[in-house]
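Engineer: Need a 3D model of the sequence below.
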Amino acid sequence: MTDLKILGVPGSLRKNAYSLGLLKAAVEVAPKDVAIEIADIRGFPVFNQDEEEPAPEPVKVFRQKARAADAILFSINEHNYGLSAAEKNVLDWGSRPYAESVWNGKPAGIMSASIGMLGGARAQYELRQSMVFLNMFPINRPEVIVPFASQKYDANGRLTDATVRKFIGDHLAELARFTRVLRHEH
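Structural biologist: Purely as a prediction, here's the structure:
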């Protein structure tokens with residue numbers, strides 16, 4: 001089996017966002033044959049179709065990395081019962097130009113964290129709806145939904161909860177397995 005490259009996409013621009021903490025933990029617990037790079041989504045202007053080409057440099061770099069990745073790992077926050085503006089903006093920039101979407105046919109994992117008791121479940125549902133149109137293939141289980149996130153990180157934004165870290169490892173193992181199935185590498 002070949003090594004897999006996964007691009008982690010954070011759902012927030014904050015430097016100590018819970019979603020970024022989930023991605024940093026994913027890097028730490030990833031299977032040995034899986035490399036995770038965390039995308040930098042700062043510097044993306046708000047998507048405007050009138051200005052989509054030529055794309056701004058941060059978007060060009062992101063698109064190249066997304067195309068080169070074997071799978072995508074979304075780590076999202078929930079804002080007002082849905083996706084954050086930053087996450088939606090990344091989806092929009094990645095989907096354009098229409099015939100060149102970086103998302104088309106990509107397997108995907110989804111993780112979420114929030115300070116409330118639903119842990120971002122509503123935002124995950126919204127992302128899954130978008131993935132239907134984007135022709136992405138999200139894994140279903142094990143889910144990584146982190147409620148009461150403020151209790152599961154240290155002061156530096158590092159995820160310390162052992163149970164959540166195990167779920168992330170299991171999620172990545174399934175994403176790797178599913179990616180290989182889609183690539184016919186079982």
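
Engineer: what's the following helix or strand after the helix or strand of the chain with the lowest mean pLDDT?
Structural biologist: One helix or strand of the chain scores below all others by mean pLDDT, DSSP states H and E: strand 82-83, with a mean of 90. Secondary structure here is assigned by DSSP states H and E; on that basis, the next helix or strand after strand 82-83 toward the C-terminus is helix 85-94.

Engineer: Any buried residues in the helix or strand following that following helix, and which?
Structural biologist: Later in the chain than helix 85-94, the nearest helix or strand by DSSP H and E is strand 107-113. Across strand 107-113, burial judged by 16 or more other Cβ atoms under 10 Å covers 107, 108, 109, 110, 111, 112, 113. Heads up, the C-betas are built off the backbone N, CA and C, glycines and all.

Engineer: can you check stretch 6-17 too?
Structural biologist: Along stretch 6-17, these residues count as buried under the neighbour rule (16+ other Cβ under 10 Å): 6, 7, 8, 9, 10, 11, 12, 13, 17.

Engineer: The first one reaches residue 36, doesn't it?
Structural biologist: It refers to residue 6. Yes - counting by Cβ atoms under 8 Å, residue 6 sits close enough to residue 36 to count as a contact (4.8 Å).

Engineer: and for the two, which residues touch both?
Structural biologist: The overlap between the contact sets of residue 6 and residue 36 (Cβ atoms under 8 Å, 6 or more residues apart in numbering) consists of 30, 73, 172.

Engineer: Inside helices: which ones of those?
Structural biologist: Among the shared contacts of residue 6 and residue 36, the ones falling in helices (DSSP state H) are residue 172.

Engineer: quick one: which of the shared contacts of residue 6 and residue 36 is nearest to residue 130?
Structural biologist: For the shared contacts of residue 6 and residue 36, the closest approach to residue 130 (Cβ to Cβ) belongs to residue 73, at 15.6 Å.

Engineer: For that closest one, give its distance to residue 8.
Structural biologist: Distance of residue 73 to residue 8, computed by Cβ to Cβ, to the nearest Å: 5 Å.

Engineer: Now for the closest residue to residue 118 other than its chain neighbours, how many residues are close by?
Structural biologist: In space, not counting the residues next to it along the chain, residue 118 is nearest to residue 147; the distance is 6.4 Å by Cβ to Cβ, 6 or more residues apart in numbering. As a burial measure, the neighbour count of residue 147 was computed by other Cβ atoms under 10 Å and equals 17.
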